[in-house]
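**Student:** Could you look at this predicted model? Sequence included:
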Amino acid sequence: MPLNIPNLLTWARILVIPLFVGVFYSPLHWMSPPEQNFWATVMFVGAAITDWFDGWLARKLGQTSAFGAFLDPVADKLMVAAALVVLVQLNRVDAVIAFIIIGREIAISALREWMAKIGAARSIAVSFVGKLKTTAQMMAIPMLLYHDRLPFLEPQVVGTWLIYCAALLTLWSMAYYLRKAWPEIVARSR
């Protein structure tokens, strides 16, 4: 495992997950619910920015590695899954929506791993629909975490609409990836 700045940023994202979850379990005399919402949102947004930054930095400094390419999406999926589980616990996201998003991540990760193993990884490269899904997710989750009303915005309402859009895009992108992989699945199942 190469120890470089991009990989350290990715590890930092993973290490912040227990702190992020712990914010909502801290005693109320430490933080009020609005403070919990604020700090959890700050941590999630910071992790999302770090996700973009570590990839950019790895390319810029010529520090890309197979390990970094493996760890980065794992860190992303862990952070999103942790946020969705917390949001379900807080009754801000329906469990079915969380299951769709988390289930798709697990299924497509397994599919990508299998496709890489058989030498067909290029056929299920990241799609535009997948990028739209990620964008909707990364906009929805901070709004749902923040939850508290702002002067000209109701984050819970906007976040709920966005997470439903993300769930629809999740299903669409999963169907897209399965359709791309289907010829290999059929050929290898004989």
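**Tutor:** Nice, thanks for sending it over.

**Student:** and the helix or strand harbouring M143, what other elements does it pack with?
**Tutor:** Assignment of secondary structure by DSSP states H and E places M143 within helix 128-146. Secondary-structure packing of helix 128-146 (3 or more CB pairs under 8 Å, 6 or more residues apart in numbering; DSSP states H and E): helix 33-61, helix 66-89, helix 155-188. For every residue, glycine as well, the C-beta is placed using N, CA and C.

**Student:** Next, the angle from that helix to helix 155-188.
**Tutor:** 150 degrees (axes from the mean of the first three to the mean of the last three CA atoms, to 10 degrees).

**Student:** Check which residues of stretch 24-33 are buried.
**Tutor:** 24, 31 (16 or more other CB atoms under 10 Å).

**Student:** contact partners of it?
**Tutor:** With CB atoms under 8 Å, 6 or more residues apart in numbering as the test, stretch 24-33 has contacts from 23, 36, 39-40, 86, 89-90.

**Student:** between the residues you listed, which has the most around it?
**Tutor:** Neighbour counts for these, by other CB atoms under 10 Å, peak at A40, which reaches 26 neighbours.

**Student:** Might you report the residue contacts of that residue?
**Tutor:** Applying CB under 8 Å, 6+ apart, the residues contacting A40 are 20, 23-24, 86, 145.

**Student:** Quick check: it vs M139, distance?
**Tutor:** 16 Å (CB to CB, to the nearest Å).

**Student:** Tell me the predicted confidence for the residue nearest in space to the middle of the chain.
**Tutor:** By CA atoms, centre = their mean, the mean C-alpha position of the chain lies nearest to V80, the distance being 3.7 Å. For V80, the pLDDT comes out at 95.

**Student:** How about it: what's its closest non-neighbour residue?
**Tutor:** Nearest non-adjacent residue to V80, counting by CB to CB, 6 or more residues apart in numbering: Q137, 6.5 Å away.
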